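Enquirer: Sequence plus predicted model, see below.
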Amino acid sequence: MHEVLAPLGVKLTATPLNLSVVLAAALCVFVWLLVWHTPFGFELRTTGHSATAAVYAGVRPRRIIVIAMCLSGAIAGCVGLNEIMGVHHRLLLNFTAGYGFTGIAVALMGRNHPVGIVLASLLFGILSQGGTELAFAMPAITRDMIVVIQGLVILFSGALPQLSRPGFEWLFAQLSRRAPALRSA
């Protein structure tokens, strides 16, 4: 990005950030439009929630699953495009170590919604890059500690919706007990 923005008068330090961020943003918009604003997106969401219900809605789940796998594989291939063409400029062995598991964690944190996934990926990018910088600055903090912090973030973001559930259940139980008394008054 620093080479592209230099002729425009914007000075950036050399970082691994490259034009793949534009491709990633375009893919995010494309997936959002595809999943939430097309008939195929409805079929995809229906199949994802329940293949049996999708059949009753007139959807062929096997066809949708194959198309979804092909599309997700094509989008996942863009990670290789970024790493090989944008960062390293050569093919490295095991350059994608852990990206799949990180992607699952990001999707979990983002609640499988495109906006949430973008925000969760930014958080993971900050944690990863910040952890690397912190490990260089403070040798006492190891890479394993950064992974533990990421794991705790995943754990708490996955557990957060369930954390308030007992309180809400109690509140709604109390309100439902009072409702007949309010109706008779």
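Expert: That came through, no problem.

Enquirer: model confidence over stretch 161-171, on average?
Expert: Across stretch 161-171, the average pLDDT comes to 79.

Enquirer: Longest helix in the protein, please.
Expert: helix 114-137 (DSSP state H).

Enquirer: which helices and strands does the next helix or strand after it pack with?
Expert: Sequence order places helix 143-163 as the next helix or strand after helix 114-137, per DSSP states H and E. Judged by 3 or more CB pairs under 8 Å, 6 or more residues apart in numbering; DSSP states H and E, the packing partners of helix 143-163 are helix 99-109, helix 114-137. Yep, even glycine has a C-beta here, placed from its N, CA and C like the rest.

Enquirer: would you put the C-alpha positions of the helix or strand where Trp170 lies in PDB?
Expert: Using DSSP H and E, Trp170 maps to helix 165-184. C-alpha atoms of helix 165-184 as PDB (Å, rounded to 0.1, in the frame of the first residue of the first chain):
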ATOM      1  CA  ARG A 165     -29.600 -16.200  29.900                       C
ATOM      2  CA  PRO A 166     -30.400 -17.300  33.500                       C
ATOM      3  CA  GLY A 167     -31.100 -13.700  34.600                       C
ATOM      4  CA  PHE A 168     -33.400 -13.100  31.600                       C
ATOM      5  CA  GLU A 169     -35.200 -16.400  32.200                       C
ATOM      6  CA  TRP A 170     -35.800 -15.500  35.900                       C
ATOM      7  CA  LEU A 171     -37.000 -12.000  34.800                       C
ATOM      8  CA  PHE A 172     -39.400 -13.400  32.200                       C
ATOM      9  CA  ALA A 173     -40.700 -15.900  34.700                       C
ATOM     10  CA  GLN A 174     -41.400 -13.200  37.200                       C
ATOM     11  CA  LEU A 175     -43.100 -11.100  34.500                       C
ATOM     12  CA  SER A 176     -45.300 -14.000  33.400                       C
ATOM     13  CA  ARG A 177     -46.400 -14.600  36.900                       C
ATOM     14  CA  ARG A 178     -47.500 -11.000  37.300                       C
ATOM     15  CA  ALA A 179     -49.200 -10.800  33.900                       C
ATOM     16  CA  PRO A 180     -52.400 -12.600  35.000                       C
ATOM     17  CA  ALA A 181     -52.700 -10.400  38.100                       C
ATOM     18  CA  LEU A 182     -52.300  -7.300  35.900                       C
ATOM     19  CA  ARG A 183     -55.000  -8.500  33.400                       C
ATOM     20  CA  SER A 184     -57.600  -9.200  36.200                       C
END
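
Enquirer: Can you list the neighbours in contact with the longest helix of the chain?
Expert: Outside helix 114-137, the residues that touch it by CB atoms under 8 Å, 6 or more residues apart in numbering are 28, 31-32, 35-36, 102, 105-107, 109-110, 141-143, 145-146, 149-150, 153, 157.
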